[in-house]
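Asker: I would like the atomic coordinates for the input below:
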Amino acid sequence: MTISTQIKNTITLAILSSIAGPVSTAHAALIAYDGFVAGTDQSSGEYTDVYDGNYRLQSGQNPTITGFSGSWQNNGGTFRMGTTPPSSLSYTDSNGSSLSTSGNSIFRGGTGISYRSFDSSLINFAVDQTYYMSFLLQVTDVNKQARIVLGEDQQDWRDPAIRIDSNSFFVRQNSINTTIAATDTDTHLVIFKINVNSTGTGHNLELFWDPTLSSEEANVATDAGFDSSIPTNILLSSKNDSGAINFDELRIGTSWDSVTTASGASGTFTQEEYDAVVAEKEAAVAAQAIAEENEAAAIASLNALPTLSQLQSTLVDLRPGSTMIAVSGGSATVSLQLEESSDLSSWSDSGAAVPFNITLDQSDDTQFFRVKLAE
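Answerer: Next up is the predicted model:
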């Protein structure tokens with residue numbers, strides 16, 4: 001490696017660290033929250049009385065909730081809040097801390113599936129990113145067979161998923177079921193930690209079942225392994241007619257705290273908050289593009305620096321008494337001046353300067369000359 005290459009590498013590191021800087025990758029905490037609020041205005045994030053006094057979530061129920069796209073879709077069975085929407089499910093951890101909740105809750109009965117797609121501009125499970133998803137679930141009958149799927153194409157056999165049968169709760173990933181707990185009718189808090197790989201072709205999943213809310217580090221996760229899928233929707237599947245599965249407090253974020261605390265009484269972002277999330281993401285994308293342009297320009301400038309051989313060709317001997325002579329047409333002219341002094345301190349010219357014309361051999365890269373007194 002030449003000296004000039006070392007200099008370029010050093011300067012490149014310094015420049016890139018200043019022009020790239022830390023760039024935000026979207027909203028740094030809560031991205032989406034649905035507290036399943038019953039009301040009269042879908043544009044405010046509320047679920048409405050569709051008809052006959054029943055808050056049904058069949059196809060067409062489309063509350064404006066940041067992070068989701070389109071309406072809920074339903075195929076078979078019942079998916080609703082009922083004529084009197086139930087209260088929110090509740091959860092208290094082993095230390096006595098309670099998850100803050102708002103709104104109501106929904107239930108899925110009969111045989112069929114219900115799902116809603118994510119807004120891919122906000123929830124896109126980007127490369128090398130970590131996402132958290134939390135929700136509350138409860139089965140009303142221990143014989144209930146159901147699944148809650150973080151799906152890819154509205155298929156209830158996809159992974160990852162919470163799978164429920166008459167014996168156990170399981171986490172399912174890459175077609176492998178890992179037992180979590182015996183089936184009961186208690187309310188449980190589930191947190192998925194989704195680590196997207198560096199190529200965006202899959203994710204590793206960790207599960208926290210009924211965790212301590214204070215911090216991620218206070219809990220031991222179940223590592224469910226890798227799956228080559230990128231989720232696009234949340235799906236509830238009911239596999240038999242025994243009882244129902246209650247579902248509530250769906251949160252998606254990029255930190256532990258964002259999915260274990262409340263997001264506000266309304267159960268949705270305001271328009272201003274939504275605009276702020278979108279603007280922050282757009283600003284991050286623009287900043288990244290500028291950083292990449294600056295990086296390319298910096299590298300081009302550094303590559304234009306002279307190499308070591310180019311630098312050596314311009315070096316001159318700077319020892320005292322040395323001089324550099326201009327060469328033109330294969331010859332150079334130098335003037336020699338005799339000086340005199342009475343004290344070796346002050347010198348003055350002694351006569352006129354004597355010019356010398358020197359013919360140079362252009363086949364030689366370097367030639368040296370010196371002056372001496374004739375004998």
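
Asker: Output the below-cut-off pLDDT ranges for the stretch 51-200 of the chain.
Answerer: 51, 59 (pLDDT under 70).

Asker: ok, 80 please
Answerer: 51-53, 57-60, 151-159 (pLDDT under 80).

Asker: Tell me if I'm right that Leu136 and Ser87 touch.
Answerer: No. Between Leu136 and Ser87 there is no contact under CB atoms under 8 Å: 11.8 Å. Every residue, glycine included, has its C-beta placed from N, CA and C.

Asker: And the helices in the stretch 251-375 of the chain, which stretches?
Answerer: All helices of the stretch 251-375 of the chain, identified by DSSP state H, counting those that start in this stretch, fall at 271-303, 308-312.

Asker: where does the longest one sit relative to the chain's centre, distance-wise?
Answerer: The chain centroid and the centroid of helix 271-303 are separated by 13 Å, computed with CA atoms, centre = their mean, to the nearest Å.

Asker: sorry, back to before: weakest of the helices of the stretch 251-375 of the chain by average pLDDT?
Answerer: Of all those, mean pLDDT reaches its minimum on helix 308-312 (a mean of 64).

Asker: coming back round to it: got any residues that touch both of Leu136 and Ser87?
Answerer: Ser105 (CB atoms under 8 Å, 6 or more residues apart in numbering).

Asker: Same drill for these two, tell me which one is more crowded.
Answerer: Shown here are Leu136 and Ser87; by other CB atoms under 10 Å, Leu136 has more neighbours (21 against 10).

Asker: Leu122 versus Ala283, what's the distance?
Answerer: 14 Å (CB to CB, to the nearest Å).

Asker: Comparing the two, which shows the higher neighbour count?
Answerer: Applying other CB under 10 Å to Ala283 and Leu122 shows that Leu122 carries more neighbours, namely 19 against 12.

Asker: can I assume the more buried one is in contact with Lys281?
Answerer: Yes. With contact defined as CB under 8 Å, Leu122 and Lys281 form a contacting pair (7.3 Å).

Asker: Nearest spatial neighbour of Asn54, chain-adjacent residues omitted?
Answerer: Thr83 (5.3 Å; CB to CB, 6 or more residues apart in numbering).

Asker: Same check on Arg158?
Answerer: Gly151 (4.6 Å).

Asker: Same question for Phe192.
Answerer: Met133 (4.4 Å).

Asker: Make sure the one you found is indeed in a helix.
Answerer: No. Secondary structure of Met133 (DSSP: H, G, I helix; E, B strand; the rest coil): strand, not part of a helix.

Asker: tell me the contacts of it?
Answerer: 150, 191-192, 194, 250-252, 259.

Asker: Now do stretch 113-133: distance from first to last residue.
Answerer: 20 Å (CA to CA, to the nearest Å).

Asker: Tell me the buried residues in that stretch?
Answerer: Going by neighbour count (16 or more other CB atoms under 10 Å), the buried part of stretch 113-133 is 113-119, 122-125, 130-133.

Asker: Kindly indicate which of these lies nearest Ser105.
Answerer: For the buried residues of stretch 113-133, the residue nearest Ser105 by CB to CB is Ser114; the value is 13.9 Å.

Asker: so which strand or helix has that closest one?
Answerer: For Ser114, the element it lies in under DSSP states H and E is strand 112-118.

Asker: So in that sheet, which strands flank that strand, and in what orientation?
Answerer: strand 68-75 (antiparallel), strand 233-238 (antiparallel) (DSSP bridges).

Asker: tell me how far that strand is from the chain's mean position?
Answerer: For strand 112-118, the distance to the chain centre is 26 Å (CA atoms, centre = their mean).

Asker: separation between Pro63 and Gly39?
Answerer: Applying CB to CB to Pro63 and Gly39 gives a distance of 9 Å.
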